[in-house]
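Visitor: sequence-free structure coming up:
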């Protein structure tokens, strides 16, 4: 079925309730992902502004050992 077609579904109350609950869940997931993306983008921007060159590559061992 092409996306432009609206499916013919009965408008029974149970089906509508189930679809509204699912829509709320999807909206909540989108909101959570949006906030996570914004936080990550902010962190990346701040890290780039401060200067990532002061840190070695990910996973690299420290050049000096720290006493225990």
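Guide: Nice, I can see it. If you're wondering where the values come from, they're calculated on a predicted model, not measured in any experiment. Numbering: from 1, shown residues only.

Visitor: Show the backbone phi and psi for residue 12.
Guide: phi -70, psi 150 (degrees, to the nearest 10).

Visitor: how close does it get to residue 20?
Guide: Going from residue 12 to residue 20 by CB to CB, to the nearest Å gives 13 Å. All C-beta spots, glycine's among them, are computed from the backbone N, C-alpha and C.

Visitor: For the chain, which segments count as helices?
Guide: For the chain, the helices defined by DSSP state H occupy 13-50.

Visitor: Where does pLDDT dip in it?
Guide: 1-4, 52-68 (pLDDT under 70).

Visitor: same thing but at 80, please
Guide: 1-11, 51-68 (pLDDT under 80).

Visitor: and residue 20, how many neighbours?
Guide: Residue 20 is flanked by 10 other residues according to other CB atoms under 10 Å.

Visitor: same check, this time on the one 4 residues further on
Guide: By the criterion of other CB under 10 Å, residue 24 has 10 neighbours.

Visitor: got it, and residue 42?
Guide: Residues near residue 42, counting by other CB under 10 Å: 10.

Visitor: do the same with the one 4 residues further on
Guide: For residue 46, the neighbour count with other CB under 10 Å is 9.
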